[in-house]
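Chemist: Next one to model:
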Amino acid sequence: MATESKRQQRFAGVLQQDLANIFQRGGVLPTDMMVTVTRVRVTPDLAIARIYLSFLNAKDTQQAIAHIKSHAGEIRYKLGTRIKNQVRIVPHLEFFVDDTNEYVERMDRLFEKINKEPKQDE
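Modeler: Residues are numbered from 1 along each chain as shown. Purely as a prediction, here's the structure:
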């Protein structure tokens, strides 16, 4: 994968901040769920933004991401009202679950299990 240009990185940072504000105050999510925008990747033409989300207090992350995907048009509209003076087009939004924390927890459990096993003499 090629590295992102400075322009892509700046634009991704702007999108990440604005999307975080939309999720906090926008009323898109159920009140008992919190979401964190962990990473935003933007294509070189700035037309597509891939947003990685981490959920807190979500019983089913797949259901939560489906809920967000079903409201993608509303989220894109709210984002467009925020960044309309900074860009020519509002990018198409693609949402993904960022399961990095789950992966780290699973690895930690495996390492703990390995450390607890009795060591065998050679």
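Chemist: hey, let's count contacts and neighbours off CA atoms from now on
Modeler: Will do.
Chemist: what mean pLDDT would you report for the longest helix seen in the chain?
Modeler: Counting by DSSP state H, the longest helix found in the chain is helix 6-25. For helix 6-25, the mean per-residue pLDDT is 90.
Chemist: just checking, what packs against the very next helix or strand once past it?
Modeler: Toward the C-terminal end, the helix or strand that comes next after helix 6-25 (DSSP states H and E) is strand 34-42. Packing partners of strand 34-42 (3 or more Cα pairs under 8 Å, 6 or more residues apart in numbering; DSSP states H and E): helix 6-25, strand 48-56.
Chemist: most tightly surrounded among these?
Modeler: Ranked by mean neighbour count, the helices and strands packed on strand 34-42 are led by strand 48-56 with a mean of 18 (mean count of other Cα atoms under 10 Å).
Chemist: Any chance you could list what contacts whichever helix or strand comes after it?
Modeler: Where DSSP H and E defines the elements, the next helix or strand beyond strand 48-56 is helix 61-70. Applying Cα atoms under 8 Å, 6 or more residues apart in numbering, the contact partners of helix 61-70 are Val28, Leu29, Phe55, Ala58, Glu94, Phe95, Phe96, Val97.
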